[in-house]
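Participant: Give me a 3D structure for the following:
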Amino acid sequence: MTKDEVKKLRMDSPESLQFLNNATKFYNLMMMYRCAIREIQTKLEVLDDEFSAENNRNPISFIKTRIKKPNSIYDKLQKMGYEFTTENIQTYLNDVAGVRIVCAFIDDIYMISDLITQQDDIKVIEIKDYIKNPKSNGYRSYHMIVEIPVFFAKGKTPMRVELQIRTNGMDFWATLEHQLWYVTRNLGRKLSK
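Facilitator: Residues are numbered from 1 along each chain as shown. Reported below is the predicted structural model:
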């Protein structure tokens, strides 16, 4: 629905009520993903604190989190051939909620991955090891799709989160490569106009 179509809706029309209902469902789903991120982040901080107390160093340099933007969610579903619905978001997208864990050393990446895997309430859905098998552009990182239970007033809901575990050097390269890709893509769009 375009902005102009939204403006033309009467607030009591079936279309506007459907639009508001969908917007509320989407907002609630994003809240659930934010809660899943908090659950994962807390677990990681506890593991980092424990390791620091026992070994006098922190394996985790920093943790960054994000929720995929609505436009990106929409584009990805369209590319996959699915409608933009909350059901399709939950069913087909594994990377709406993302947590990046940046470490000093490669050994820390695998240690953290093992510790996450050992958590009895986390289910590992998928692993992609781009450290042992780098992408052709040089990208290296360790990706995990995990499912974690989040407890809400109406009960427990399993939520999927994408984890990217990498070193500081890998993070620098990935960030630079990502920025170059967008600059090149946007420049190409401007030139084609």
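Participant: Could you check how far stretch 167-174 is from the centre of its chain?
Facilitator: 18 Å (CA atoms, centre = their mean, to the nearest Å).
Participant: Give me the average confidence score over the longest helix that the chain contains.
Facilitator: As assigned by DSSP state H, the longest helix anywhere in the chain is helix 14-55. Helix 14-55 shows a mean pLDDT of 90.
Participant: Now do that helix: which elements does it pack against?
Facilitator: strand 60-67, helix 86-92, strand 97-103, helix 106-118, strand 142-152, strand 155-167 (3 or more CB pairs under 8 Å, 6 or more residues apart in numbering; DSSP states H and E). C-beta here means a position set from N, CA and C on the backbone, and glycine is covered the same way.
Participant: what about the third one, average pLDDT?
Facilitator: Confidence over strand 97-103, taken as the mean pLDDT, stands at 98.
Participant: counting contacts, what elements does it pack onto?
Facilitator: helix 14-55, strand 60-67, helix 106-118, strand 155-167, helix 168-192.
Participant: Try it again at 7 Å.
Facilitator: Judged by 3 or more CB pairs under 7 Å, 6 or more residues apart in numbering; DSSP states H and E, strand 97-103 is in contact with helix 14-55, strand 60-67, helix 106-118, strand 155-167.
Participant: Direction included, what does that strand pair up with?
Facilitator: Here strand 97-103 has these sheet partners by DSSP bridges: strand 60-67 (antiparallel), strand 155-167 (parallel).
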